[in-house]
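Asker: Fold the stuff below for me.
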Amino acid sequence: MHTGGEPVRIVTGGYPPVLGDTILDKRRYARERLDHLRKMLIFEPRGHHDMYGVIPVEPDHPDADLAVLFMHNEGYSTMCGHAVIALGRYAVDTGIVAPTVPLTAVDIQCPCGLVRAMVEVARTPAGFRSGSVTFESVPSFAFALDAETQVPGIGNVRFDIGYGGAFYAILPAGSVGLDLSSSPLRDIVEISDRIAKAVQAAIDLDHPDDPDLAFLYGTILTDGGTGKDAPSTNVCVFAEREVDRSPTGSGVSARMATQRARGEVAIEEQCLFRSMTGSVFRARVLRPEKAGRFDAARIEVAGRAFYSGTSTFTIEENDEIGRGFVLRP
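Answerer: A predicted model of the protein is given here:
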């Protein structure tokens, strides 16, 4: 599937059991014992540097309809909004959750916690048809506002850090000499990656639920807008210089959390966020909440996913190249 152009490769069979008592245990097990399969499915010749995938696992949360691990070019993320949007449709269409009209709730256990997706469902002469999906984030919060650090080749950079299931450094592209409408993508990626590495080295993150959640996932460069009066464009560069083709669901949650902390958005106020492909996610703050010492909020994010095909992958004995490689300028 894809959401806003961002791929969602969902494993439907052939994967060995992913062991662990909790979903974070399973994430560690996949990273330590099954990472060769991630490389085979994500990297060339079956994928590419910016491929993204989902591994269904056994849930340990009593309310979950399904549980998933997210995988990408560097490893395993803790939250993925664009994948949750696709998984909502997938769960309804494959019968994991029985469809109800006009909305079907799908509770998805992610490494960051339980996320509820609401799938639009219509009855047709041929059966049920799924459509747009909204999801409610885990508690999202601003970890830091107006933090600063030195970035090689750029100088002093000011940024916010927001959490929406994963942590992001968020800042206007113009503040580092970029324009999202005209700057070459290679420059956007290079500067975003430098910022991420500098922030990772300079700032110790923590999360009230589990230390495994406390890492900077990427950088979000924005056009400086809030998304209230017109869609605000952003580009998210995450993991190992991977570029999100969607507006980034967990990133949108993080942006809304930092905007709320700044007083730029009110409860129930809608904002629109646009990606480099032109796809748009709609978001609003549902209600305030606490996450440990942080003033947090539940954010609702809405978007649309589409099916793009099915594949069966194999690997022959002694095909060392076929185990996965990446070529990138």
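
Asker: can you count the residues close to E148?
Answerer: Per other C-beta atoms under 10 Å, the neighbour tally for E148 reads 11. Placement of C-beta: from N, CA and C, glycine included.

Asker: same question, V84
Answerer: V84 has 31 neighbours, counted by other C-beta under 10 Å.

Asker: and it, that's in a strand?
Answerer: No - per DSSP: H, G, I helix; E, B strand; the rest coil, V84 lies outside any strand segment and is helix.

Asker: residues in contact with it?
Answerer: Contact analysis of V84 by C-beta atoms under 8 Å, 6 or more residues apart in numbering lists 108, 110, 115, 117, 133, 135, 249.

Asker: Just give the closest residue to the most centrally placed residue in the chain, not the sequence neighbours.
Answerer: Nearest to the mean C-alpha position of the chain, by C-alpha atoms, centre = their mean, lies C80 at 2.7 Å. Leaving aside its sequence neighbours, C80 sits nearest to F70 (C-beta to C-beta, 6 or more residues apart in numbering; 4.4 Å).

Asker: just checking, what packs against whichever strand or helix holds V121?
Answerer: Using DSSP states H and E, V121 sits within strand 113-124. Contacts defined by 3 or more C-beta pairs under 8 Å, 6 or more residues apart in numbering; DSSP states H and E place strand 113-124 against helix 81-93, strand 103-110, strand 127-136.

Asker: State the number of residues packed around the closest residue to P111 other than its chain neighbours.
Answerer: With sequence-adjacent residues excluded and distances taken as C-beta to C-beta, 6+ apart, P111 is closest to T78, at 4.2 Å. Number of residues near T78 (other C-beta under 10 Å) recorded here: 26.

Asker: what's the spacing between T78 and T226?
Answerer: 26 Å (C-beta to C-beta, to the nearest Å).

Asker: before we move on, the earlier item: between the strand holding V121 and strand 103-110, how many degrees?
Answerer: Interaxial angle, strand 113-124 versus strand 103-110 (axes from the mean of the first three to the mean of the last three C-alpha atoms, to 10 degrees): 150 degrees.

Asker: for strand 113-124, what is the average pLDDT?
Answerer: Averaged across strand 113-124, pLDDT comes to 97.

Asker: Could you check the angle that strand makes with helix 81-93?
Answerer: Using the same axes, to 10 degrees, the direction of strand 113-124 lies 50 degrees away from that of helix 81-93.

Asker: Pull up the pairing partners for strand 113-124, direction included.
Answerer: strand 103-110 (antiparallel), strand 127-136 (antiparallel) (DSSP bridges).

Asker: ok so, going back, residues contacting the residue nearest to P111?
Answerer: Contacts for T78 (C-beta under 8 Å, 6+ apart) come out as 27, 70, 110-112, 165-166, 212-213, 217.

Asker: got it, and A198?
Answerer: Listed by C-beta under 8 Å, 6+ apart, the contact set of A198 reads 149-152, 157.

Asker: rerun at 6 Å
Answerer: The contact partners of A198, by C-beta atoms under 6 Å, 6 or more residues apart in numbering, come to 149, 151.

Asker: Over to M1?
Answerer: By C-beta under 6 Å, 6+ apart, the contact list for M1 reads 8, 86, 305, 307-308.

Asker: Can you select the buried ones among these for me in ChimeraX?
Answerer: Per 16 or more other C-beta atoms under 10 Å, the buried members of the contacts of M1 correspond to this ChimeraX selection:
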select :8,86,305
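
Asker: Tell me how far the closest residue in space to V133 that isn't next to it in sequence lies from L272.
Answerer: Spatial nearest neighbour of V133, chain neighbours left out: G88 (4.0 Å); criterion: C-beta to C-beta, 6+ apart. G88 is 20 Å from L272, where distance means C-beta to C-beta.

Asker: Counting neighbours, what do you get for the residue nearest to V133?
Answerer: Counted with other C-beta under 10 Å, residues neighbouring G88 total 30.

Asker: which element follows the longest helix along the chain toward the C-terminus?
Answerer: Ranked by number of residues, the top helix in the chain under DSSP state H is helix 185-202. Per DSSP H and E, helix 185-202 leads on to strand 216-222 as the next helix or strand towards the C-terminus.

Asker: quick one: strands adjacent to that following strand?
Answerer: In the sheet, strand 216-222 lines up against strand 167-172 (parallel), strand 232-238 (antiparallel) (DSSP bridges).

Asker: The last one to helix 185-202, inter-axis angle?
Answerer: Pointing back at strand 232-238 there. With the same axes, to 10 degrees applied, the angle from strand 232-238 to helix 185-202 works out at 60 degrees.

Asker: ok now strand 232-238, how far from the chain's centre?
Answerer: Here strand 232-238 shows a centroid-to-chain-centroid distance of 11 Å under the convention C-alpha atoms, centre = their mean, to the nearest Å.

Asker: can you offset everything so residue one is 445?
Answerer: Fine by me, first position is 445 from now on; the one you just mentioned is strand 676-682.

Asker: would you list every one of the strands in the stretch 645-773 of the chain?
Answerer: 660-666, 676-682, 686-687, 714-718, 724-735, 738-747, 749-750 (DSSP state E, counting those that start in this stretch).
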